[in-house]
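# What follows is a predicted structure for the sequence shown.
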Amino acid sequence: MSRKQRSGRDPRLTIAKRELSSLSREKTIVLALLIQLFVAAFSSFLVVGLTSLYDPGSVAGGAVEIGVSGEASEALERAVAEQSGTSAILFAQPAEAQAAFDAGRVDAVLVATNEPPPDGGAGSVIQVDATAPAGNIETTLIVVQIREVLQTLERQERQDRVQWLPETPLSLPEDANASPYYGFTYTVLVPLLLFLPPFISGSVAVDTVTEEIERGTLELLRVTPLRLVDIIGGKALAMTLLAPVQAALWLALLGLNGIAVANVLTLLVLVTAITVIVVGLGVGLGVTLGKRRPAQLLYSMLALAIFGTLVALPEHPATTAAKLAVGSPQALTFVHVGAYVLLGVAVIVLGTRVMDRVDPESL
């Protein structure tokens, strides 16, 4: 039996093949795929720059010089010295520190003074007034470093004043020497590359359905043996197949860049289930509204809203993907994957039944 005869048994396969071939002529889709391909192919290089946005304090770009002054400058100077990437310059008066900042000799100014406690009790508290440049390209890095210094100062003061506390505080765990690149790769980069293809597939599904309706080509159903459910099902099948194929390619490119990803098969199952759900949403909106602009707008808003509300789950889909990718899934992780698969199957069954009852002439 020939391939043509075999594919002729199910017209949805023929339609899906035609839809996939037509995507090569869509410049917007091709550009989106090329951007994802670039990110995945050069991830080992891009992760350095992207991590500077994710965690600016992780990028070493020279020490931040901080002018220190005030009554409690000794404790503040000790905190600056303990923090890597910062150095302290001591000034006798706050005005001198401010003048050095205005002249560009220091990157920031911290003035520490002893103030009475807010509750009127004995002793004193340290109040720190910070001055950082506004609108400077290095502002983000300087602010992050100042925050780290103040956190170090707070930790030191808690340790030094423990004898005056009514209860002994718990010991703080030692700082872990963890790389921010590891966290960024598996909590941001991998979920981004996995969930962007399903979102694009749903958007393309909206376009392809509304295009058929706006052009009136669905009227041909009355003179052909194809049913509406075959047409819509073939288009949805093409969009559904596109996302996991992209995800598999992105994961392979990550592996070539030295970024190991575990549980690849389970991740692809998760991506396929999510794709079925969002493609079903896109197809439903396209058929219901029949116009590209309102359907695309509503699809984007609903997709983002649904993805945002999923934070109420025990595990967000991004967390599920991160746990699977890093190789530390729990039983709850696989429960979530199974739930997405069941929801995807329900979308297929319900969508097929609804589309089988829709009259093409009503569109």
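Sure, I can see it. Residues are numbered from 1 along each chain as shown.

# low-scoring stretches of the stretch 151-300 of the chain, by residue?
For the stretch 151-300 of the chain, the stretches with pLDDT under 70 are 164-181, 183, 217-226.

# can you map out the strands along it?
In order along the chain, the stretch 151-300 of the chain carries no strands (DSSP state E, counting those that start in this stretch).

# Can you give me the buried ones in whichever strand or helix holds residue 79?
Assigned by DSSP states H and E, residue 79 falls within helix 73-82. Across helix 73-82, burial judged by 16 or more other Cβ atoms under 10 Å covers 73, 75-77, 79-80. For glycine as for every other residue, the C-beta is placed from the backbone atoms N, C-alpha and C.

# Please name every helix or strand in contact with that helix.
strand 64-69, strand 86-90, strand 108-115, strand 125-131, helix 139-160 (3 or more Cβ pairs under 8 Å, 6 or more residues apart in numbering; DSSP states H and E).

# Just send the ones you listed back as TSV, with distance to residue 260 and mean neighbour count too.
Formatted as TSV, the helices and strands packed on helix 73-82 follow (distance: least, Cβ to Cβ, whole Å; neighbours: other Cβ atoms under 10 Å):
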stretch	distance to residue 260	mean neighbour count
strand 64-69	34	24
strand 86-90	34	17
strand 108-115	40	20
strand 125-131	41	16
helix 139-160	29	17
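
# can I get the buried residues of helix 73-82 in CSV with pLDDT and distance to residue 238?
As requested, those are arranged in CSV below (pLDDT from 0 to 100; distance: Cβ to Cβ, whole Å):
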residue, pLDDT, distance to residue 238
73, 82, 67
75, 84, 65
76, 83, 63
77, 84, 65
79, 85, 59
80, 84, 59
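
# ok, these vs residue 339, which is closest?
Closest approach between those and residue 339, by Cβ to Cβ: residue 79, at 47.5 Å.

# which residue sits closest to the closest one in space, ignoring its chain neighbours?
residue 153 (3.9 Å; Cβ to Cβ, 6 or more residues apart in numbering).

# quick one: that neighbour from residue 82, how far?
9 Å (Cβ to Cβ, to the nearest Å).

# Same check on residue 108?
Distance, residue 108 to residue 82, using Cβ to Cβ: 17 Å.

# How about residue 200?
47 Å.

# do residue 113 as well
For residue 113, the distance to residue 82 - Cβ to Cβ - is 21 Å.

# what's the answer for residue 344, then?
Per Cβ to Cβ, residue 344 is found 52 Å from residue 82.

# Could you pull out the helices in the chain for me?
3-8, 11-22, 27-41, 43-54, 73-82, 94-102, 139-160, 180-184, 190-215, 228-256, 264-289, 292-309, 317-326, 331-356 (DSSP state H).

# In CSV, list these along with distance to residue 128.
Formatted as CSV, the helices of the chain follow (distance: least, Cβ to Cβ, whole Å):
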stretch, distance to residue 128
helix 3-8, 72
helix 11-22, 60
helix 27-41, 40
helix 43-54, 26
helix 73-82, 7
helix 94-102, 12
helix 139-160, 6
helix 180-184, 26
helix 190-215, 37
helix 228-256, 43
helix 264-289, 46
helix 292-309, 36
helix 317-326, 36
helix 331-356, 42
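
# so which of those gets nearest residue 63?
helix 139-160 (9.0 Å).

# correct me, but residue 244 touches residue 273?
No: taking Cβ atoms under 8 Å as the definition, residue 244 is not a contact partner of residue 273, at 9.6 Å.

# Need the residue closest to the centroid of this protein.
Closest to where the C-alpha atoms of the chain average out (Cα atoms, centre = their mean) is residue 188, at 4.8 Å.

# which residues touch residue 73?
90, 112 (Cβ atoms under 8 Å, 6 or more residues apart in numbering).

# Next: residue 203.
Contacts of residue 203 (Cβ under 8 Å, 6+ apart): 282, 296, 299-300.

# Only the buried subset of those, as a PyMOL command please.
To isolate the buried ones among these in PyMOL, judged by 16+ other Cβ under 10 Å, type:
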select buried, resi 282+296+299
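
# residues in contact with stretch 284-304?
So stretch 284-304 is in contact with 199, 202-203, 205-211, 213-214, 232, 278, 281-282, 351, 355, 358, 363, going by Cβ under 8 Å, 6+ apart.

# Would you mind listing the buried residues in it?
Buried-residue list, stretch 284-304, by 16+ other Cβ under 10 Å: 284-287, 289-290, 292, 295-296, 298-299, 303.

# Run the chain-centre distance for that stretch.
Offset of stretch 284-304 from its chain centre (Cα atoms, centre = their mean, to the nearest Å): 23 Å.

# Same question for stretch 293-308.
17 Å.

# For it, list the C-alpha coordinates in CSV.
Output of stretch 293-308 as CSV, limited to C-alpha atoms (Å, rounded to 0.1, in the frame of the first residue of the first chain):
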residue,chain,number,x,y,z
ARG,A,293,-7.1,40.4,16.2
PRO,A,294,-9.7,39.8,19.0
ALA,A,295,-8.9,36.1,19.1
GLN,A,296,-5.1,36.7,19.4
LEU,A,297,-5.6,39.4,22.1
LEU,A,298,-7.9,37.2,24.1
TYR,A,299,-5.6,34.2,23.7
SER,A,300,-2.5,36.1,24.9
MET,A,301,-4.4,37.4,27.9
LEU,A,302,-5.9,34.1,28.9
ALA,A,303,-2.6,32.2,28.3
LEU,A,304,-0.7,34.6,30.5
ALA,A,305,-3.4,34.7,33.1
ILE,A,306,-3.6,30.9,33.3
PHE,A,307,0.2,30.5,33.5
GLY,A,308,0.2,33.1,36.3
